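[1] Predicted coordinates and the sequence they were generated for:
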Amino acid sequence: MTGIGDSIRIRNFYSALLKRYGPQDWWPAETRLECATGAILTQNTSWRNVEKAIETLRENLMLSAEKLRSASHERLAVLIRPCGYHNLKAKRLKNFIDFLFAGYGGEMENMLAEDTGKLRKELLSVNGIGEETADSILLYALGKPVFVVDNYSRRILGRHRLIPEGASYAEIQELFVQNLPADTEVFGEYHALIVKTGKLHCAKTPRCEGCPLEHDPHDSGINPI
Ligand code: SF4
């Protein structure tokens with residue numbers, strides 16, 4: 001349970017980041033499936049590399065569940081090579097597609113009516129889909145009000161002493177959920193704004209000067225996360 005001061009800070013962070021950077025309009029994808037594909041491919045790599053892989057899939061008319069299902073592992077791995085760990089990610093993408101056909105007839109639209117908690121559990125049971133990926137799919141591909149936690153949120157909240165060292169994914173997520181309206185748009189923007197701040201300012205070595213959060217109390221020492 002957070003104190004009123006922390007609640008205000010969580011909300012103030014959002015206002016400050018939005019004021020500085022404006023809406024980020026995430027997720028950059030044309031379809032729910034493309035969004036889910038990007039969420040799987042972006043693990044441990046930069047978004048620029050994911051864009052190259054998605055573009056290659058698009059050029060090869062592979063951005064449909066049916067095409068992804070019928071492609072061989074080898075072909076898929078070659079097509080997504082730019083995003084790194086291509087063999088592993090091809091396997092993960094295939095696992096997700098198998099799940100989509102097994103439970104939802106190969107259509108992400110069929111997931112929309114499902115209970116969010118049940119969907120989350122199902123996604124987490126797919127080999128290679130962890131909490132951040134599952135929540136990204138729920139929030140950005142399916143429009144469910146689920147907050148996505150990543151290393152930037154962990155680092156920023158840690159440096160601002162809003163979470164203890166070693167806080168779990170669930171604890172960090174709860175901090176946001178408890179203190180914000182359960183609103184898909186707010187959750188989506190907030191996560192995107194955190195990523196932007198992390199990239200521009202809150203790197204391993206923080207650049208606090210000029211950061212939208214520089215006036216909130218924080219540690220500016222190097223944090224290895
Ligand atoms: S760069 Fe500094 S002020 Fe900005 S979020 Fe990180 S610790 Fe806070």
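    Happy to help now that I have it.
[2] Need phi/psi at Cys202.
    phi -90, psi 60 (degrees, to the nearest 10).
[3] Compute the number of surrounding residues for it.
    Using other CB atoms under 10 Å, Cys202 has 27 neighbouring residues. (Glycine included, C-beta is placed from N, CA and C.)
[4] Next: Arg32.
    For Arg32, the count of nearby residues is 19 (other CB under 10 Å).
[5] Met108 is in contact with that one, correct?
    Yes. Using CB atoms under 8 Å, Arg32 is in contact with Met108, at 4.0 Å.
[6] who touches both of the two?
    Jointly contacting Arg32 and Met108 under the rule CB atoms under 8 Å, 6 or more residues apart in numbering are 141-142.
[7] Get me the contact residues on this protein for the ligand.
    Residues of the chain found near the ligand (CB under 6 Å from any ligand atom) are 156, 159-160, 197, 201-202, 206-208, 211, 213-214, 218, 220.
[8] From the residues you listed, which one has the minimum pLDDT?
    When the residues of the chain next to the ligand are compared by pLDDT, Ser220 scores lowest at 72.
[9] Correct me if wrong: Gly103 contacts Glu122.
    Yes. Between Gly103 and Glu122 there is a contact under CB under 8 Å: 6.6 Å.
[10] Comparing those two, which shows the higher neighbour count?
    It is Glu122, of Gly103 and Glu122, that has more neighbours when counted by other CB under 10 Å, with 17 against 13.
[11] and the more buried one, what does it touch?
    99, 103.
[12] quick one: buried residues of the strand or helix carrying Gly158?
    Here Gly158, judged by DSSP states H and E, is contained in helix 151-159. For helix 151-159, burial by neighbour count (16 or more other CB atoms under 10 Å) applies to 152-159.
[13] which residues in the chain form strands?
    Shown for the chain, no strands are assigned by DSSP state E.
[14] where are the low-confidence patches of it?
    Scanning the chain with the threshold set as pLDDT under 70 gives 1, 221-225.
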